[in-house]
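[1] build me a model from this:
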Amino acid sequence: MKHAVRTLAEMIVLGEGGAVLRELCARIYSDEVSIVLRRDLLEDHFVPAPRIAIKLRPLEARDIPTIVSERPRRLPVILDNVPGGYVAVTDTGELAFMIWVIFGDQWPIFETHFKGNIPRALEPDECMFEFAYTFKKFRGMGVMSAAMILIVEEARRLRPTARWGYNYIRQSNEPSLRGCRNAGFRPYMKREERWRAMRLQQSFIQLTSASMFPFERVADQLAGHCT
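    This is a model prediction of the structure:
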């Protein structure tokens, strides 16, 4: 990655040295599972209004300092002018959430910034939602679910023929999984990632339409013990 040195420097300066070290160790030896989520873009899905009003707009140059100060690892995708970046902002203009929407013809531009691979090329009626991030000040306010609905609506506006949207979230990232679940996404596949000495091996497992989120299984088990 051509911006790696600058990005690492920014992360260390901004106090994310620990994250850099954890990522390095993970790429030396780790096993990780991501859940591939899918949503039918043609279906409407209701979510409660967030605790603070937000609106969606394309990412602009004025947003970059705020993004880099809190999420410096997004610097490469910004410096490469990768299209599809959006932010959800409050009435006062504060950044509450950001995300990229990528269609099949844009994937070659985005691909170098994506960790790992996807199981196959995106079809013309498919897109991906990636690099979702809720800014710390606005967490726990229902922002992510509401913003995901807005970006789905934007994807439908940009590509009326789009039908399916996907995103990849680590199985351990329960808050993001819940946010996507609330916005109508469901488990579609699993991606098993195996890092050994900086080399990545991946395998994809197709899930059934009845597959649940990990936290849903836990809730069902607890309910069973209470009956």
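[2] packing partners for the helix or strand Arg27 falls within?
    Assigned by DSSP states H and E, Arg27 belongs to helix 17-28. Using 3 or more C-beta pairs under 8 Å, 6 or more residues apart in numbering; DSSP states H and E as the contact definition, the elements that helix 17-28 packs against are helix 4-13, strand 186-196. The way it works is simple: take the backbone N, C-alpha and C, and place the C-beta from them, glycine included.
[3] out of the ones you listed, which gets the lowest mean score?
    Lowest mean pLDDT within these: helix 4-13, a mean of 68.
[4] report how many residues lie close to Met128.
    24 (other C-beta atoms under 10 Å).
[5] tell me which element it falls in.
    Here Met128 is assigned to strand 126-134, by DSSP H and E.
[6] and that strand, how far from the chain's centre?
    Computed by C-alpha atoms, centre = their mean, to the nearest Å, the chain-centroid distance of strand 126-134 equals 4 Å.
[7] contacts for the helix or strand following that strand, please.
    Sequence order places helix 143-158 as the next helix or strand after strand 126-134, per DSSP H and E. For helix 143-158, the external contacting residues (C-beta atoms under 8 Å, 6 or more residues apart in numbering) are 39, 41-42, 45, 47-50, 52, 54-56, 86, 88, 96-97, 99, 101, 103, 127, 129, 132, 134, 162, 165, 175-176, 179-180, 182-185.
[8] pull out the buried members of the residues you listed.
    Neighbour counting with 16 or more other C-beta atoms under 10 Å marks 39, 41, 47, 50, 52, 54, 56, 86, 88, 96-97, 99, 101, 103, 127, 129, 132, 134, 162, 165, 176, 179-180, 182-185 as buried within these.
[9] now Arg139. Nearest residue, chain neighbours left out?
    In this structure, Arg139 finds its nearest non-sequential neighbour in Pro175, 7.6 Å apart by C-beta to C-beta, 6 or more residues apart in numbering.
[10] look at the one you found and report its pLDDT.
    95.
[11] and the angle from whatever helix or strand it lives in to strand 126-134?
    Pro175 belongs to helix 174-182 when assigned by DSSP H and E. Using axes from the mean of the first three to the mean of the last three C-alpha atoms, to 10 degrees, the direction of helix 174-182 lies 130 degrees away from that of strand 126-134.
[12] just give me how far helix 174-182 sits from the chain centre.
    Centre to centre, stretch against its chain (C-alpha atoms, centre = their mean), the figure for helix 174-182 is 10 Å.
[13] list the helices and strands that helix packs on?
    By 3+ C-beta pairs under 8 Å, 6+ apart, helix 174-182 packs against strand 29-40, strand 126-134, helix 143-158, strand 164-170, helix 214-226.
[14] wait, which of the ones you listed is closest to Thr92?
    Between Thr92 and those, the shortest separation by C-beta to C-beta is 14.3 Å, and it involves helix 143-158.
[15] in the closest one, what counts as buried?
    For helix 143-158, by 16+ other C-beta under 10 Å, it's 143-152, 154-156.
[16] ok, and the helix or strand in the protein with the lowest average confidence?
    helix 214-226 (a mean of 64; mean pLDDT, DSSP states H and E).
[17] give me the nearest residue to Pro124, chain neighbours excluded.
    With C-beta to C-beta, 6+ apart, the residue lying closest to Pro124 is Gly104, at 5.9 Å.
[18] alright, that wraps it up for me.
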